[in-house]
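Colleague: Would you be able to build a 3D model of this:
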Amino acid sequence: MTLTPYDQKRYNRQILIHGFGEAGQERLKNATVLIAGCGGLGSPVATYLAVAGVGHLVIVDMDVVDLSNLNRQILHWDENVDQYKVKSASAKLAAINPSIKVTALQEKIDEENYLDLTKGADLIIDAMDNYPTRYLLNKAAILYNIPFIHASVWGLEGRLTTIIPGKTPCLECLVPEAPPKEVFPVLGATPGVLGTLQVTEAIKAITGVGQLALNRMVIYDGEYLEFHEIPLSRNPECPACSHLK
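Modeller: Predicted structure coming up:
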């Protein structure tokens, strides 16, 4: 699909970015991004991908909105409590940008469906809060050879890396065993920061503009407002990706 006069006007300010241009905007328009989770990370991710003009967003979440979500999950409001998150989110996204397509899937990602859910996506964004599901998304990204943008948050801290199968460590290289599931503290602004960083990485991956956060973990420290990096390397014995050369 080529750009319409509406697109040219709506996205004018990002089209002006050096190296982006109308070609970059067309790549966004023709892209499909799967967003796993419509919560703290998924809300800013979906919002900013929508306003950037990504043509097809697939949002997957099984949960309903709880009052305790509202300090951080900005796509959901008081009136949405007890609604399915995908229903709440898709309605807002359609209003934010009526020119894009949003596919809302109220499903739990599991061993039976993770490949079907991710099939056809150009990129997967990890907006989950549990590692067993993240491992499935990681496996799907490896199978389909597509970028997988991982982020996690805790309190005032967040971490992000972009995974390119065969070129960077996969998620199982980095976290071989899932940590115990727990209710963790989080300031609402923290997933806002990490979610918008995930969107920045996604747009760069789709358009080819800029350098991705490859082979490094970017750590955001909100308490001191600092960013740090940790270099990463592949595990040659990783059960998920060691077969990739």
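
Colleague: Can you name the residues bridging to the residue lying closest to Asp82 once chain neighbours are set aside?
Modeller: Leaving out its chain neighbours, the residue that sits closest to Asp82 by Cβ to Cβ, 6 or more residues apart in numbering is Val64, at 5.6 Å. Where you see a C-beta, it was placed from the backbone N, CA and C, and this is true even at glycine. Taking DSSP bridges as the rule, Val64 bridges to Tyr84.

Colleague: Identify the residues contacting Val64.
Modeller: By Cβ atoms under 8 Å, 6 or more residues apart in numbering, the residues touching Val64 are 82-85.

Colleague: what's the answer for Pro176, then?
Modeller: 235, 238.

Colleague: so where does the residue lying closest to Thr2 once chain neighbours are set aside fall, helix or strand?
Modeller: Leaving aside its sequence neighbours, Thr2 sits nearest to Glu26 (Cβ to Cβ, 6+ apart; 6.3 Å). Under DSSP states H and E, the secondary-structure element containing Glu26 is helix 21-29.

Colleague: what about the very next helix or strand once past that helix, average pLDDT?
Modeller: Sequence-wise, the next helix or strand downstream of helix 21-29 (DSSP H and E) is strand 32-36. The average pLDDT within strand 32-36 is 98.

Colleague: Just the buried residues of the helix holding Glu26, please?
Modeller: 24-29 (16 or more other Cβ atoms under 10 Å).

Colleague: likewise stretch 162-178?
Modeller: Under the neighbour-count criterion of 16+ other Cβ under 10 Å, stretch 162-178 has 162-165, 168-175 buried.

Colleague: Now do that stretch, average pLDDT.
Modeller: Rounded mean pLDDT across stretch 162-178 is 97.

Colleague: Among the buried residues of stretch 162-178, which ones are in helices?
Modeller: Of the positions in these, 171-174 sit in helices, assigned by DSSP state H.

Colleague: Looking at those, which is nearest Thr47?
Modeller: The shortest approach to Thr47 among these belongs to Leu171, at 24.3 Å (Cβ to Cβ).

Colleague: ok, now which ones touch that closest one?
Modeller: 126, 134-135, 137-138, 148, 150, 163, 240.
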